[in-house]
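Colleague: Quick one, what's the 3D model for this:
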Amino acid sequence: MFECEDCGKRFEEPKKKQITFEELYGVSNLFESRHRTSINVCPSCESEDIKEIEEDLEEEI
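Modeller: Numbering: from 1, shown residues only. Got it, this is the predicted structure:
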């Protein structure tokens with residue numbers, strides 16, 4: 001189980017978002033080439049700030 005730090009929603013699996021390394025690190029204007037990768041984001045608000053919740057902690061909440 002995962003939880004979004006921004007919107008507080010809980011979800012089973014994060015959404016995969018296609019992005020370039022250059023975009024991720026804010027240097028798109030410095031390079032002509034692009035190198036693609038995917039990152040995990042919240043399926044609700046698409047925030048990258050998500051954390052995995054351990055099952056033991058999940059039951060206590």
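
Colleague: shaky segments in this protein?
Modeller: When residues are selected by pLDDT under 70, those of the chain lie in 55-61.

Colleague: mind listing the helices for the protein?
Modeller: Assigned by DSSP state H, the chain shows helices spanning 21-24, 55-60.

Colleague: Pull the residues that contact the shortest one.
Modeller: With contact meaning C-beta atoms under 8 Å, 6 or more residues apart in numbering, helix 21-24 is reached by 28, 30-31, 34-37, 39. All C-beta spots, glycine's among them, are computed from the backbone N, C-alpha and C.

Colleague: Redo those residues as a markdown table? Include neighbour count and distance to residue 20.
Modeller: Listed next are the contacts of helix 21-24 as a markdown table, based on neighbours: other C-beta atoms under 10 Å; distance: C-beta to C-beta, whole Å:
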| residue | neighbour count | distance to residue 20 |
| --- | --- | --- |
| 28 | 12 | 7 |
| 30 | 8 | 12 |
| 31 | 11 | 9 |
| 34 | 11 | 4 |
| 35 | 10 | 6 |
| 36 | 10 | 6 |
| 37 | 11 | 7 |
| 39 | 13 | 11 |
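
Colleague: and the two most separated of the residues you listed?
Modeller: 30 and 39 (20.1 Å; C-beta to C-beta).

Colleague: where along the protein do the strands fall?
Modeller: Assigned by DSSP state E, the strands in the chain fall at 2-4, 10-11, 15-20, 36-41, 50-52.

Colleague: Please identify the deepest-packed of these.
Modeller: Comparing these by mean neighbour count (mean count of other C-beta atoms under 10 Å), strand 2-4 ranks first with a mean of 18.

Colleague: what lines up beside it in the sheet?
Modeller: Here strand 2-4 is paired, per DSSP bridges, with strand 10-11 (antiparallel), strand 50-52 (antiparallel).
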